[in-house]
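> A structural model of the following input is requested.
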Amino acid sequence: VMLASRYVSTTGFGRIKPSSDTIRAILTAIQDRQALFVRYVSRNGKEPEWRAVSPHALVDVVGRYHARCFDHRNGRYGDFVLTRILGSTVDRSDTPDYVDGFLDKDWSRIVELEVSLKDGEAPLVGRLDYGLEETGSRIIRIRKALTPYIINHRYQGFEDPVEIHEVATRRAEFPTR
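Alright, predicted model coming up:
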């Protein structure tokens, strides 16, 4: 209750929320198991382009919402940032058949990541801020598809006292649908 009160001041550069139309279109496509076209701006692109995708999951990672989709143009699974989807449609004659997320190997694999304290950092801080054990580390489990966001882009503009690296992989213990 106190953290949402007038006594707490929060600052920071936050990401904007995706439009409700985008969320609705993605969720409907997942529920109906239907491919759709999204007007998308990729990091490499200068202009938005229409892309056929088959979404199978929504993900909130590092403060940004993604749709995990089969990308029909590239013939592989990937992530589409929801705030970069400028429109969507299923009303095209060239809409491809839906591709299930069941075959998304990086989504179905669980990876173990080790979070460990960097040399010279205070062990007590590691335990209090990151839940590290007495050894100065801890293991977290996450879908393989999400590891690039956790390992490479966690706290922009902040020198983190911990390092994160992959230690093991195994099959998912929970269904992908």
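
> just checking, what packs against the longest strand along the chain?
Across the chain, the longest stretch assigned as strand under DSSP state E is strand 49-61. The elements that strand 49-61 packs onto, with contact taken as 3 or more CB pairs under 8 Å, 6 or more residues apart in numbering; DSSP states H and E, are helix 20-32, strand 36-40, strand 64-71, strand 76-81. For every residue, glycine as well, the C-beta is placed using N, CA and C.

> please identify which of these is closest to A122.
Taking CB to CB as the criterion, strand 64-71 is the member of these that comes nearest to A122, at 30.2 Å.

> show the average pLDDT along the closest one.
Strand 64-71 shows a mean pLDDT of 95.

> which outside residues touch that strand?
15, 17-18, 23, 26, 35, 51-60, 76-83, 85, 99-101, 104, 107, 145 (CB atoms under 8 Å, 6 or more residues apart in numbering).

> please tell me how far the most centrally placed residue in the chain sits from G75.
Nearest to the geometric centre of the chain sits V61, at 4.2 Å (CA atoms, centre = their mean). V61 sits 24 Å away from G75, going by CB to CB, to the nearest Å.

> ok, now S93?
With CB to CB as the criterion, S93 and G75 are 21 Å apart.

> more neighbours: which of these two?
Legend: neighbour count by other CB atoms under 10 Å for S93 and G75, higher for G75 (8 against 4).

> for my notes, confirm Y98 occurs in a strand.
No: per DSSP: H, G, I helix; E, B strand; the rest coil, Y98 lies outside any strand segment and is coil.

> could you verify my assumption that it touches S54?
Yes: Y98 is within contact range of S54, at 4.8 Å (criterion: CB atoms under 8 Å).
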